[in-house]
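Q: Fold the following, please.
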Amino acid sequence: MSKTQLFDLDGKIAFVSGASRGIGEAIARLLAQQGAHVIVSSRKIDGCQAVADAILADGGKATAMACHIGEMEQITSVFAQIHEQFGRLDILVNNAATNPQFCNVLDTDLGAFQKTVDVNIRGYYFMSIEGGKLMKENGGGSIINVASINGVSPGEFQGIYSVTKAAVISMTKVFAKECAQFGIRCNALLPGLTDTKFASALTKNDAILKHALQRIPLRRVAEPSEMAGAVLYLASEASSYTTGVALNVDGGFLA
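A: Residues are numbered from 1 along each chain as shown. Got it, this is the predicted structure:
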């Protein structure tokens, strides 16, 4: 009996935003290990290049491209680059996000509100539109939005972040319904508490961490690599009949 080829991404072009560290880096590395040519992206090219170089050193295929998804002209520019350089896109992982404020909802700052909406909602929305147009040209593809369990159960002192992640879950269903006719699937990953720089406000505070772990049946924080397997499933032929799903990988938190 031969091994399954369901998770084989040979010949696929994948774009991962926020891929210079954390969950995004873990996703980029795994997709490359499975044969995809990964476009490693985040705001600063240096961090992207370091991850791309590491993938290349491991025998994989990768290209670094900077893109701040909170800036509309940068989204337009990066997809023009992808079109010119590769002529196609098979997998889009919207992972870059921002959470600039940790406070009671009544203390929400307008600037922080706007920045969070611009990146986490508008950024994902127009990345998906541009990526979807490229996928439509080539007969289909897979869009994966990294949302959060906060989109289902709001995180304390993370008001606007939680609201934007709920919007990402809704957005995922919209694109799944409207793009299925083009062979494009769209799903969301909902990570639980993961050991990243992004989550350090939670993981590095002993009192908050202790409280959080009491609500996680597996009683531990996830490693970024533990999020990547779910994305591989959603990116590959293994999930060919899966679209519009919000998949929580959270150690049982939402249970």
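Q: beta partners for Ile143?
A: Counting by DSSP bridges, Ile143 is bridged to Leu92, Cys186.
Q: For the chain, which segments count as helices?
A: Using DSSP state H, the helices of the chain run over 22-33, 45-57, 72-85, 110-117, 124-137, 159-179, 200-203, 206-214, 225-235.
Q: which stretches of the stretch 51-200 of the chain aren't confidently modelled?
A: In the predicted model, the stretch 51-200 of the chain carries pLDDT under 70 at residues 198-199.
Q: Roughly how far does the residue most central in space within the chain sit from Lys177?
A: In the chain, the centroid-proximal residue (CA atoms, centre = their mean) is Asn95; its distance is 2.5 Å. Asn95 sits 22 Å away from Lys177 when distances are taken as CB to CB, to the nearest Å. All C-beta atoms are positioned from the backbone trio N, CA, C, and that covers glycine.
Q: ditto for Asn205
A: Asn205 sits 40 Å away from Lys177, going by CB to CB.
Q: Could you do Arg21 as well?
A: Arg21 sits at a distance of 33 Å from Lys177 (criterion: CB to CB).
Q: my read: Leu232 touches Ala28, true?
A: No - contact criterion CB atoms under 8 Å: Leu232 and Ala28 do not qualify, at 11.3 Å.
Q: Using CSV, write out every CA atom in stretch 211-225.
A: Only the C-alpha atoms of stretch 211-225 are listed here, as CSV (Å, rounded to 0.1, in the frame of the first residue of the first chain):
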residue,chain,number,x,y,z
HIS,A,211,-6.0,31.7,34.6
ALA,A,212,-5.9,30.9,30.9
LEU,A,213,-4.5,27.4,31.4
GLN,A,214,-7.4,26.5,33.8
ARG,A,215,-9.8,26.9,30.9
ILE,A,216,-7.7,24.8,28.4
PRO,A,217,-8.4,21.1,28.8
LEU,A,218,-4.9,20.2,27.5
ARG,A,219,-3.5,22.4,30.2
ARG,A,220,-0.7,23.9,28.1
VAL,A,221,0.1,26.6,25.6
ALA,A,222,0.4,25.5,21.9
GLU,A,223,3.7,25.7,19.9
PRO,A,224,3.4,27.6,16.6
SER,A,225,4.2,24.3,14.7
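Q: If you count surrounding residues, which of Arg21 and Lys177 has more?
A: Set Arg21 next to Lys177 and count neighbours by other CB atoms under 10 Å: Arg21 wins out with 16 against 12.
Q: my read: that one touches Thr196, true?
A: Yes - with contact defined as CB under 8 Å, Arg21 reaches Thr196; the gap is 7.2 Å.
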